[in-house]
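Participant: Test case, fold it:
(one chain, ligands or ions: 1)
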Amino acid sequence: MKKRDLLSLEDWKKSDISDVIIRAEKLKRNRKTVNVLNGKTLLMLFAKPSLRTYLSFDIAMYQLGGHAIFYDLSHSTLGKKESIKDFSKVIARYSDVIMARLYEHKQIEEIAKYADVPVINGLTNYYHPCQVLGDFLTIKEKLGGFQKKKIAFLGDANNNVVHSLILEGNRTGTEIIISSPDKKEYLPNPKVIAKGKYKYIKDPKKAVKDADVIYTDTWMSYQVPKSQEKKRIKMLKPYQVNGKIFNINKKAIFMHCLPAKRGHEVTDDVIDSKRSVVYQQAENRMWSEKAVLLKCLGVKT
Ligand code: NVA
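Facilitator: Below you'll find the predicted structure:
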């Protein structure tokens, strides 16, 4: 049987996504530890910093009865002294499942090609599938479902979270509205979302008007060089989610994958408001990742 990876949501069918969300809801409802991954090891590879991905995967494994290992790629031989092929073949002999947070998406595809165990994308420059699986669980909890709902994303849309929101939204029947500067640099990368569809509305006030969710992310993703910060702040400031924008539409909830730079893409009054669900999103990373681990490992509970 072909192993199941989660590299991008493009590889997953609509039914796979709803399976994971339903399972995550059940795990969250039942709360108790299920020792179904007893004796299993998750190897976590990190080339970029992490708070939520690292902790939520580690604790998810622990609560499922398994074990997680953190491996900092800055100390590794990968791509320097050792080929991706050798690296991947070796790590797959030690572990049952691998999660990787990397820069180049191509690199995770290569690891998955050579590793004989499932590989899960914990963020690359192109995608962040685990984030949006947790986000859709949050949307379901807050809004009762995600079909026909509208998510308006404001800010830097040439972004891993946005790409995954588009891919997931297209599968679940959720409309994705992008409001960003009208320049290639800030728009979703068409090569990365394949035939993914979204609506572009340049004016942020119009974009949020009928939205159910207003979403933003950092203007300085990990791979963006510090030298671009000044220019980006100037370009993206009109897309800041502040009280003025947020209160145009009093029914929408506010979402952010975190880490947030308060005062840049979002202001305190919005992120701290009653309609902000950012901490619920962070928590739901863990429940949905438990469901992803079980699905990739083919474990039925
Ligand atoms: N777009 C952000 C997400 C961080 C979780 C980044 O890549 O830095």
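Participant: C-alpha from now on. contacts and neighbour counts both.
Facilitator: OK.
Participant: Setting aside sequence neighbours, what's the nearest residue to the single nearest residue of the stretch 1-150 of the chain relative to the ligand?
Facilitator: Nearest to the ligand, among the residues of the stretch 1-150 of the chain, is residue 125, at 6.1 Å (CA to the nearest ligand atom). Of all residues not flanking residue 125 in the chain, residue 103 sits nearest, at 5.2 Å (CA to CA, 6 or more residues apart in numbering).
Participant: hang on, isn't the residue of the stretch 1-150 of the chain closest to the ligand packed against residue 102?
Facilitator: Yes. Using CA atoms under 8 Å, residue 125 is in contact with residue 102, at 7.4 Å.
Participant: coming back round to it: secondary structure class for the residue nearest to residue 125?
Facilitator: Following DSSP: H, G, I helix; E, B strand; the rest coil, the label given to residue 103 is coil.
Participant: for the protein, which residue is closest to the average position?
Facilitator: Among the residues of the chain, the one closest to the centroid is residue 131, at 2.5 Å (CA atoms, centre = their mean).
Participant: any idea which element that residue lies in?
Facilitator: helix 129-143 (DSSP states H and E).
Participant: Distance of the residue of the stretch 151-300 of the chain found nearest the ligand relative to residue 176?
Facilitator: In the stretch 151-300 of the chain, the residue found nearest to the ligand is residue 221; the distance is 3.3 Å by CA to the nearest ligand atom. Distance, residue 221 to residue 176, using CA to CA, to the nearest Å: 20 Å.
Participant: quick one: which of those two has more around it?
Facilitator: Using other CA atoms under 10 Å as the criterion, residue 221 and residue 176 rank with residue 176 on top: 24 against 15.
Participant: List the backbone torsions phi and psi for the more buried one.
Facilitator: Per-residue torsions, residue 176: phi -110, psi 120 (degrees, to the nearest 10).
Participant: Is it bridged to anything, and to what?
Facilitator: residue 151 (DSSP bridges).
Participant: on that earlier part again, if I look at the residue nearest to the centre of the chain, how far off is residue 161?
Facilitator: Distance of residue 131 to residue 161, given as CA to CA: 7 Å.
Participant: go on, residue 76?
Facilitator: As judged by CA to CA, residue 76 and residue 161 stand 27 Å apart.
Participant: higher neighbour count, those two?
Facilitator: Shown here are residue 76 and residue 161; by other CA under 10 Å, residue 161 has more neighbours (24 against 14).
Participant: So that one lies in a helix, does it not?
Facilitator: Yes. Assessed with three-state DSSP, residue 161 lies in a helix.
Participant: gap between the residue nearest to it when sequence neighbours are not counted and residue 10?
Facilitator: Using CA to CA, 6+ apart and skipping the chain neighbours, the partner closest in space to residue 161 is residue 128 (5.3 Å). To residue 10, residue 128 is 12 Å away according to CA to CA.
Participant: Which strands or helices does the strand or helix carrying residue 16 pack on?
Facilitator: Per DSSP H and E: residue 16 is located in helix 14-30. Judged by 3 or more CA pairs under 8 Å, 6 or more residues apart in numbering; DSSP states H and E, the packing partners of helix 14-30 are helix 129-143, helix 278-296.
Participant: which of the residues in it are buried?
Facilitator: Neighbour counts over helix 14-30 (16 or more other CA atoms under 10 Å) mark 17, 18, 20, 21, 23, 24, 25, 27, 28 as buried.
Participant: returning to what we had before: I'd like to know how many residues surround the residue of the stretch 1-150 of the chain closest to the ligand.
Facilitator: Neighbourhood size, residue 125 [other CA under 10 Å]: 20.
Participant: All set, thanks.
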